[in-house]
Structure formats: structure tokens, C-alpha cells
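Q: below are the sequence and a predicted model; questions follow.
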Amino acid sequence: MESVFLTFILVSPFAVYSSHFRIPDYDDVVVATNGRPITLVCTDTTVRGAIALNWMAKSLDADEWKLVLSASERKEFSGGASKASMRLTDPKFQDTGVFSLSFLPRMEDCGLYLCSIKQQETKLKERIILLAILTVTIVPTAPIPQHSTLRLIASVNPNVAISRITWAAPGGISMKSEKNLKVGTVAKLPQVQYTDNGTYVCMVHPWGNSSNAVFAFNVDVIVDADKVASFTNITHGPMISTATQAQTPFALTCHGVQGDKVLLYWQPPETSRQSSLRLVYQYDRWRGSTWLTEQSKKLQLAGPPYNAEAGSFSFFLTPGLKDGGLYVCDVFLNDNAFSQRTMLSVLKVKTSRVSSKLELVCLYSQWSQVQSVSWKYQNRSRQLQMLSNSLGSITTILPLPITSDTAGIYTCTLQLKNGQTIWATHTVTLPPEDGRDGIEHTLSVHSSEAENIYENPEDIRQAPPQGSVYMDLKPRGEDDVYKELERYE
């Protein structure tokens, strides 16, 4: 996109310009916009009579001063460093003690200026001023399309003249800004709205003593009322297919670019319509604003090594069974978008007593990416009774009371089509001395990206059951599998 450049002039005191040479101390700071009158103040009301006034200038890396203007009570003439617009503010300076110089500064006028006052070859006063240039860039050019990223960029040359630059939005609202070594101080408004129209203020804070603590410049921002930007430059990361246990914090990763704003969308499990994709979390690091929904309660921005305030985005999700599905994390950087999609299955193990039996139920979501689910017992020689009334649920049944033959560790293993496996273990204990049925358990979960509990899934399909039952999952057209599972929630 195009950009607008505005140039301002800064006059500032500071001690050191670079490691190669030393800049003298200054006396005051004056700031003006490019091409508008600026006054370098030099006064001494105690000086009267026959005096000689010299204004001189030099660039920061020069050794010698060049004459700008010389004046006495009898004559005034310009030197080689003079500009057409340069003149003394008071022609009767010998009577008033006002020796200030005014002119219309340009970019090439950056450098040091010296006001020297002598009387009969005696030096009465010297005043050194540094003239620096402030450049403001507005991207994109006005009128700015809505939903584009407004960038306000300010830089000063030489940058040693200032301590910092800050920005304020209309109404005096402070804006977040960051210093970029390549371009200067940057403030942004991602996905700008028409209501962001108005006058913004760039504030230059000089280094060292100054009669003014800050110098402010108005910058008008005009947002197009009709034109809306479209993000055609979208980078898509590879689809992530994965699984996790219910109520276990899970990392939802976004693109690794350092962005301005992040939006997280969610499509519930077992739905494929694009219209079902809904926004569940939004964070704008420049405005410091967060937009939340009911689903957001299960989400939080990740901490180290991520840093949302610096533009490094990732999320932690603590899912329930129904929180599986498709997650789309869109990161915006200037006028580019980076999208990362994650397909998530959630595994949950529950128990249920039904008359004289104990049901161990393995529930799972987003079954479109699931290859197989199975129960197995620690003693592989005992075959388990299995049933599956619908996709998303597999149950093994234990007779009550629990005996030494049925007590022990039961494992539900879920395998995705990409080979990733995740399993949860459930421990069934013997009844205590008082005769009550013992089903105290310890539940844990494990996962593996490459591991598979079977060397080849085809082998187990062909082999006779040995302590567990392998079940192929083929869609059968149910409209809402979770209606079948609600009795387990």
C-alpha cells in the first residue's frame, strides 16, 4: 500500500551523537513542522551597546563551523551556510537583547547551530542548538480502507536528540507504540473502523533539559466510509489433526509470525458447514482489547515461550467432550493474514452402574478423523465384552461384584487416521471388607504422535481378539451423535 510522509523539525540538546565524536551540550529545544517558521531562541537582556552577533552552523560530523549570519549595529550580511528564509527576529537586537534566528527549515538543515555574542572581542554569550528532523509516515494513504491496518510511524534524525516518541488517539487516549530500529517508533490500529477517524497526536520527548517537556504534532487520519480492505494475501499452515483428554489443558497453536491481532474460530464436532464456524476469541495487542464469548471461558492466551502482548500468539484450551471440532487461528500482521487449522478429538472415560453390571464408557468427539477405538484389560488373555450403540461411544461391561478376575487396569485407546494414538486408563478395585463394590479408580491419559499400539491395524482386524476388541468406525448417518451420549454427561 501507499504511504504518506510528513516531515517535522526538532531542535534539541543532547551530549553524545556517536561513539566517534562528542556533541556539545545544548541550551534549549524548539520543535516546528517542515517548511513552517521556526525560531532558534538566543537572548540576553543584560547586553547593550556595540556588539557583534554571529550565527553559525555545521553538520554533526563536521569539524568546522560555517557562517550563517553576521550582524552589528552598523551592518548585517549572510554567510555561506545561510538560507534565503533566514533572518533575525529583531533588527534592533543591540537595544532589546533579542538575538534569535528564524527561518523555514528543510531536511538538509539538520545539524548544529551556534549563537555567538561578542563585545569588543570579549565573548559574552554562546548558545548551541541541535536541529533534528522528525518524519511521520502514515500507511496506508488517505482515505484509509476500513479493516486495513493503520500504521503511524515516526522517526528522528539524529535519534540522539530525543528520549522517546509517543502517540495519542483522538480524545487524548494513549496508544501503544513500539520502537523499531529500522523504521522508528510505530503505533498501529489493526482492522481500522470508520469510527477511528480523527486527529492523532505525535509527541516528541526531548532528551535532557528543555523549556518544553514535550512537543506535539497533529496528524489527521481519514478512514474511507465506503471502501473495505480485503485480505487476499493469506498464508495457510498445514492442518493439524490431534486428540486430547477432556478437562486436560491442550495447546492450540497459531502461526509463528509476530502479529498485531489474533482471532480464534471454532466449528463444533461432527459439523461440516462453513456457516457453523463461529468466532470464540479475539485479542488486539495494540488496543489491548479482548473480545470473549461463552466458549472463551475454556480458553486462555498462552504464556512463555509465547507473549501475546508482543504478538506471539497461542492458546490453552481446557475442553469438554463437546469442545472438539475444528479450530481456526487467524493472525493478522499489517495487511497479511496467517491461518492455522487444528482438528481436535476429545476423549472422555466415564463409568455407569446398571443393575448388576458396571459399564466403562469411552466417549470421543470429531469421529470423522478417528481410525479406531478399543478397550483392553491388563490381562490380555481375558476377552472383554464390547458394544457401540453409535459413533462416539464404546462400552465394555463388567459383572458386579468385582472379583480378582475383573479388578485391575482397563485402557481405552483412540487412534487417529494420521497414526497418532491417545489412551486413558481406568483402575477398578476389589470391594472393601464391608462388602460394598469397589470401583475406586485412577484415571490417566497418554498420547503419542507416532506410536501405534498395533504394528499394523490390518493385522488386528484379521487376528482373533486377545484381551480387547478392535472396532472399525464407519459413519452411519446419525444426525446428532451427542443425543445418544447425553445420558453419560
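A: Sure thing, it's come through.

Q: give me the low-pLDDT residue ranges for the stretch 251-400 of the chain?
A: 274 (pLDDT under 70).

Q: all strands for it, in order.
A: Assigned by DSSP state E, counting those that start in this stretch, the stretch 251-400 of the chain shows strands spanning 261-267, 278-284, 289-292, 299-301, 314-317, 325-333, 336-354, 357-364, 370-377, 386-387, 393-399.

Q: equivalent analysis for the stretch 51-200 of the chain, please.
A: Using DSSP E, counting those that start in this stretch, strands in the stretch 51-200 of the chain cover 52-58, 66-71, 76-78, 87-88, 101-103, 111-119, 122-139, 144-146, 150-157, 162-169, 173-174, 177-180, 184-189, 198-206.

Q: list the contacts for the residue nearest the centre of the chain?
A: Centroid-nearest residue in the chain: Gly311, 2.2 Å away (criterion: Cα atoms, centre = their mean). With contact taken as Cβ atoms under 8 Å, 6 or more residues apart in numbering, Gly311 is in contact with Val257, Gln258, Gly259, Asp260, Arg285, Leu333. C-beta: built from backbone N, CA, C; applies to glycine.

Q: does Leu358 touch Leu398 like I think?
A: Yes - using Cβ atoms under 8 Å, Leu358 is in contact with Leu398, at 4.5 Å.

Q: which residues do those two both contact?
A: What both Leu358 and Leu398 touch, as defined by Cβ under 8 Å, 6+ apart, is the set Val428.

Q: same list (the contacts of Gly311) but as TSV, adding neighbour count and distance to Arg380.
A: Compiled in TSV, the contacts of Gly311 are given as follows (neighbours: other Cβ atoms under 10 Å; distance: Cβ to Cβ, whole Å):
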residue	neighbour count	distance to Arg380
Val257	16	48
Gln258	13	51
Gly259	24	50
Asp260	21	55
Arg285	24	53
Leu333	18	53
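
Q: let me know how buried Ala142 is, in neighbour terms.
A: By other Cβ atoms under 10 Å, the residues close to Ala142 number 13.

Q: would you check how far apart Pro269 and Leu347 are?
A: 12 Å (Cβ to Cβ, to the nearest Å).

Q: Glu270 reaches Gln369, doesn't it?
A: No - assessed by Cβ under 8 Å, Glu270 is found out of contact with Gln369, at 10.9 Å.

Q: hang on, the earlier thing: leaving out chain neighbours, which residue sits closest to the residue nearest to the centre of the chain?
A: Gln258 (4.0 Å; Cβ to Cβ, 6 or more residues apart in numbering).

Q: can you check Phe93 too?
A: In space, Phe93 is closest to Phe99, 5.1 Å off (Cβ to Cβ, 6+ apart).

Q: okay, now the unreliable bits of the stretch 101-250 of the chain?
A: Low-confidence segments of the stretch 101-250 of the chain (pLDDT under 70): 209.

Q: can I get stretch 178-188 in PDB? Just the C-alpha atoms.
A: Only the C-alpha atoms of stretch 178-188 are listed here, as PDB (Å, rounded to 0.1, in the frame of the first residue of the first chain):
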ATOM      1  CA  GLU A 178       7.000   0.200  19.900                       C
ATOM      2  CA  LYS A 179      10.400   1.200  18.800                       C
ATOM      3  CA  ASN A 180      11.700  -0.500  15.600                       C
ATOM      4  CA  LEU A 181      15.400   0.000  14.900                       C
ATOM      5  CA  LYS A 182      14.800   0.100  11.200                       C
ATOM      6  CA  VAL A 183      11.800   2.400  10.800                       C
ATOM      7  CA  GLY A 184      11.400   4.300  14.100                       C
ATOM      8  CA  THR A 185       8.500   4.400  16.600                       C
ATOM      9  CA  VAL A 186       5.400   2.600  15.400                       C
ATOM     10  CA  ALA A 187       1.800   2.700  16.600                       C
ATOM     11  CA  LYS A 188      -0.900   0.600  14.900                       C
END
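
Q: now it: buried residues?
A: Gly184, Thr185, Val186, Ala187, Lys188 (16 or more other Cβ atoms under 10 Å).

Q: list the contacts for the first one?
A: Which is Gly184. Gly184 touches Thr135, Ile153, Ala154, Ser155, Val156, Ile165, counting by Cβ under 8 Å, 6+ apart.

Q: now it: closest residue in space that isn't a chain neighbour?
A: Of all residues not flanking Gly184 in the chain, Ser155 sits nearest, at 2.9 Å (Cβ to Cβ, 6+ apart).

Q: for the one you found, grab the count of nearby residues.
A: Considering only other Cβ under 10 Å, Ser155 is surrounded by 19 other residues.

Q: how close does it sit to Val219?
A: Distance, Ser155 to Val219, using Cβ to Cβ: 14 Å.

Q: circling back to that earlier point, so which of the strands of the stretch 251-400 of the chain gets nearest Leu252?
A: Checking those against Leu252 by Cβ to Cβ gives strand 314-317 as the closest, at 4.2 Å.

Q: counting contacts, what elements does the closest one pack onto?
A: Where contact means 3 or more Cβ pairs under 8 Å, 6 or more residues apart in numbering; DSSP states H and E, strand 314-317 is packed against strand 250-253, strand 299-301.

Q: nearest to Asn180, out of those strands?
A: strand 299-301 (23.3 Å).

Q: quickly run through the sheet partners of the closest one, with directions.
A: Sheet pairing of strand 299-301 (DSSP bridges) gives strand 314-317 (antiparallel).

Q: now what about the partner strand, what contacts it?
A: 249-254, 264, 281, 298-302, 306, 323, 327, 329, 344.

Q: put the buried members of the residues you listed into a PyMOL selection.
A: Remark: buried members of those, expressed as a PyMOL selection using 16+ other Cβ under 10 Å:
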select buried, resi 250+252+253+254+264+281+298+299+301+302+306+323+327+329+344
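
Q: quick revisit: quick one: the helices and strands packed on strand 314-317 as CSV, columns for distance to Phe338 too.
A: Below are these laid out as CSV (distance: least, Cβ to Cβ, whole Å):
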stretch, distance to Phe338
strand 250-253, 12
strand 299-301, 17
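
Q: for Ala169, which of those is the nearest?
A: Nearest of these (Cβ to Cβ): strand 299-301, 23.8 Å.

Q: how far does that closest one sit from its chain's centre?
A: For strand 299-301, the separation from the chain centroid amounts to 14 Å (computed by Cα atoms, centre = their mean, to the nearest Å).

Q: ditto for stretch 366-377
A: Here stretch 366-377 is found 37 Å from its chain centre; the criterion is Cα atoms, centre = their mean.

Q: likewise for stretch 402-411?
A: Using Cα atoms, centre = their mean, the offset of stretch 402-411 from its chain centre is 51 Å.

Q: next, the distance between the ends of that stretch.
A: End-to-end distance for stretch 402-411, by Cα to Cα, to the nearest Å: 17 Å.

Q: same check on stretch 373-390?
A: First-to-last distance for stretch 373-390 - Cα to Cα - comes to 12 Å.

Q: tell me the buried residues in it?
A: Val373, Ser374, Trp375, Lys376, Tyr377, Leu384, Met386.

Q: what about the residue nearest to Ile240 when sequence neighbours are not counted, distance to Gln267?
A: Of all residues beyond its chain neighbours, the one nearest Ile240 is Thr342 (4.3 Å), with distances taken as Cβ to Cβ, 6+ apart. Distance of Thr342 to Gln267, given as Cβ to Cβ: 11 Å.

Q: got any residues that touch both of the two?
A: Joint contacts of Thr342 and Gln267 (Cβ under 8 Å, 6+ apart) are Leu326, Tyr327, Val328.
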